[in-house]
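1. Provided below are the primary sequence and the corresponding predicted coordinates.
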Amino acid sequence: MKIIAVCGLGVGSSVIAKMNIESILSEEGKDEVDVDTVDLGSIRSAPADIYVTTRELFEDFPEEDKEKTIVLTNFVDKNDIKAHLDPKMAELENK
Amino acid sequence: MDTDPKLSVDEVQLKAHASNWEEAIQVAAKPLVDGKKITNDYVTAMIDSVKKLGPYIVIAPGLALGHARPSEAVHQTGFAIATLAEPVKFGNKDNDPVDLVVILASTSDTAHLSLLQKIVMFLNDSQNLETLRRAKTREDAKHIAEQINGGDQ
């Protein structure tokens, strides 16, 4: 499984999201999941099973990727990220 | 070259004053400009990035992460933190108003990662956020900088 955090520049907020997601996955023992970052402009060349982003940027997402996307309002609260991430991952695992 | 960037006490400003979001970024970044880690061009680039991409840099309730791409305007990788005496609006529906600004400046895509990891660990803890928001004195700023720098696991 591959998760990509998307932000405007690919160096700041998405990196914070990546760090927190990796930490959550590690706590869940899911170290095999690959987490990466990308800027919004490069999303089409970065395929993923799940994208993570903010509400502002979600509106500019390619339509076909929106279904795979988790919208976060808080990039530093791990409990909040987990509450969004876990159901999405379960959905994919049960497919 | 960067050697293990650290947050200095001067880079933590408490209860700073700004009347709008642009000023908040300028004020928070001032210690990095004064310390010659970044030039004013980087400050402009951070502001332009919000104008272009929107207020998505408000990444948590009340918390803005001011940053731009690594460029020649960054001489040395660094961070700065400012709490604001009066919160300002960035135009972010979910997370306005902002009373905490973190500035990130990196010479490359990777130079900032070790310090960013420490800051993220600090911000993960809601108690630390409360402490930071309540902090007032230079002594408080010193403790916060030390706590962040010492964040290795």
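-> Sure thing, it's come through.

2. any low-confidence regions in chain B?
-> Per-residue confidence for chain B (pLDDT under 70) gives these ranges: B:1-3, B:151-153.

3. list the buried residues for the lengthiest strand in it?
-> Ranked by number of residues, the top strand in chain B under DSSP state E is strand B:78-88. Buried positions in strand B:78-88, judged by neighbour count with 16 or more other CB atoms under 10 Å in any protein chain shown: B:78-84, B:88. C-beta here means a position set from N, CA and C on the backbone, and glycine is covered the same way.

4. that strand and chain A in contact?
-> No. Using CB under 8 Å from any CB of the partner chain, strand B:78-88 stays clear of chain A, with a minimum separation of 10.9 Å.

5. and that strand, what does it pack onto?
-> Other helices and strands packing on strand B:78-88, by 3 or more CB pairs under 8 Å, 6 or more residues apart in numbering or on different chains; DSSP states H and E, are strand B:12-16, helix B:21-34, strand B:98-105, helix B:113-124, helix B:126-134.

6. again, only using 10 Å
-> strand B:12-16, helix B:21-34, strand B:63-67, strand B:98-105, helix B:113-124, helix B:126-134, helix B:138-149 (3 or more CB pairs under 10 Å, 6 or more residues apart in numbering or on different chains; DSSP states H and E).

7. wasn't A:Ile3 part of a strand?
-> Yes. Per DSSP: H, G, I helix; E, B strand; the rest coil, A:Ile3 lies within a strand segment.

8. and it, what does it touch?
-> When contacts are counted by CB atoms under 10 Å, 6 or more residues apart in numbering or on different chains, A:Ile3 touches A:17-18, A:21-22, A:25, A:33-37, A:48-52, A:68, A:70, A:85, A:88-89.

9. run the last query once more with 8 Å
-> Neighbouring residues of A:Ile3 by CB atoms under 8 Å, 6 or more residues apart in numbering or on different chains: A:21, A:33-36, A:48-52, A:85.

10. need these in a markdown table (columns: pLDDT and secondary structure).
-> Formatted as a markdown table, those follow (pLDDT from 0 to 100; DSSP: H, G, I helix; E, B strand; the rest coil):
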| residue | pLDDT | secondary structure |
| --- | --- | --- |
| A:Ile21 | 97 | helix |
| A:Val33 | 96 | coil |
| A:Asp34 | 96 | strand |
| A:Val35 | 97 | strand |
| A:Asp36 | 95 | strand |
| A:Ala48 | 96 | coil |
| A:Asp49 | 96 | coil |
| A:Ile50 | 96 | strand |
| A:Tyr51 | 96 | strand |
| A:Val52 | 95 | strand |
| A:Leu85 | 96 | helix |
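
11. counting neighbours, which of these comes out on top?
-> A:Val52 (28 neighbours; other CB atoms under 10 Å in any protein chain shown).

12. against B:Ala80, how distant is it?
-> Distance of A:Val52 to B:Ala80, computed by CB to CB, to the nearest Å: 26 Å.

13. one more: A:Ile43?
-> From A:Ile43 to B:Ala80 the distance is 30 Å (CB to CB).

14. find the residue at the geometric middle of chain B.
-> Chain B has B:Val102 as the residue nearest its centroid, 1.7 Å off, counting by CA atoms, centre = their mean.

15. for A:Val6, name its beta-bridge partners.
-> A:Val38 (DSSP bridges).

16. for burial, what's the neighbour tally of it?
-> Neighbours of A:Val6 (other CB under 10 Å): 29.

17. my guess is it contacts A:Val38, does it?
-> Yes. Between A:Val6 and A:Val38 a contact is recorded at 5.7 Å, counting by CB atoms under 8 Å.

18. now do the shared contacts for these two.
-> The contact sets of A:Val6 and A:Val38 overlap at A:Ser14 (CB under 8 Å, 6+ apart).

19. so which bits of the helix or strand containing A:Asn20 are buried?
-> Using DSSP states H and E, A:Asn20 falls within helix A:13-27. Across helix A:13-27, burial judged by 16+ other CB under 10 Å covers A:13-25.
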